[in-house]
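J.: Predicted model, plus sequence, below.
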Amino acid sequence: MPRKWNDLGRTQIAILHMIIRVPKTEEQILNRLKYRLVNMSIQTLVERGMMVLKDGKYHPTAHGRAVVMPPAQYQKWREMWGMA
């Protein structure tokens, strides 16, 4: 069930948490996460601008980093960037 405040599912949040510290390749993400639909989650995160593929590894964008913040911090971030 997605978190209401960031509209992401469990798999998407797990992927973002994985790549925030150290960027990962698609193979590394697939090997680490055994959830269904991981490929679709990766594609959705890229389409929504929460991560980008650079030099074969996925890196979080500023928005990708922000959505895994606690709800109050994320809301402040959205307001600061005119997304609220």
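T.: Cool, the structure landed. Please read all numbers here as calculations on a predicted model, not as lab measurements.

J.: Relative to residue 80, how far out is the nearest residue to residue 33 once chain neighbours are set aside?
T.: Using C-beta to C-beta, 6 or more residues apart in numbering and skipping the chain neighbours, the partner closest in space to residue 33 is residue 14 (5.9 Å). Just so you know, the C-beta spots here come from the backbone N, C-alpha and C atoms, and that holds for glycine as well. Between residue 14 and residue 80 the distance, using C-beta to C-beta, to the nearest Å, works out to 26 Å.

J.: Residue 60 too?
T.: Separation of residue 60 from residue 80 (C-beta to C-beta) stands at 17 Å.

J.: For those two, indicate the residue with more neighbours.
T.: Neighbours around residue 60 and residue 80, counted as other C-beta atoms under 10 Å, are more numerous at residue 60. The numbers are 22 against 10.

J.: give me the beta-bridge partners of that one?
T.: With beta bridges defined as DSSP bridges, residue 60 has these partners: residue 51.

J.: Provide a list of residues in contact with it.
T.: 16, 19-20, 50-51 (C-beta atoms under 8 Å, 6 or more residues apart in numbering).

J.: Of these, which is the nearest to residue 39?
T.: For residue 39, the nearest member of these is residue 51. The distance, counting by C-beta to C-beta, is 13.7 Å.

J.: Measure how buried that closest one is and give me the count.
T.: Residue crowding around residue 51 was assessed by other C-beta under 10 Å; the count is 25.

J.: neighbours around the residue nearest to residue 33, how many?
T.: 17.

J.: where does it land in three-state SS?
T.: Here residue 14 takes the helix state, with states given by DSSP: H, G, I helix; E, B strand; the rest coil.

J.: Make sure it is actually in contact with residue 34.
T.: No. Taking contacts as C-beta atoms under 8 Å, residue 14 lies outside contact range of residue 34: 10.4 Å.

J.: I'd assumed residue 49 was in a strand, is it?
T.: No. With three-state DSSP as the criterion, residue 49 is assigned coil and is not in a strand.

J.: Kindly provide the distance from it to residue 30.
T.: Using C-beta to C-beta, residue 49 is found at 22 Å from residue 30.
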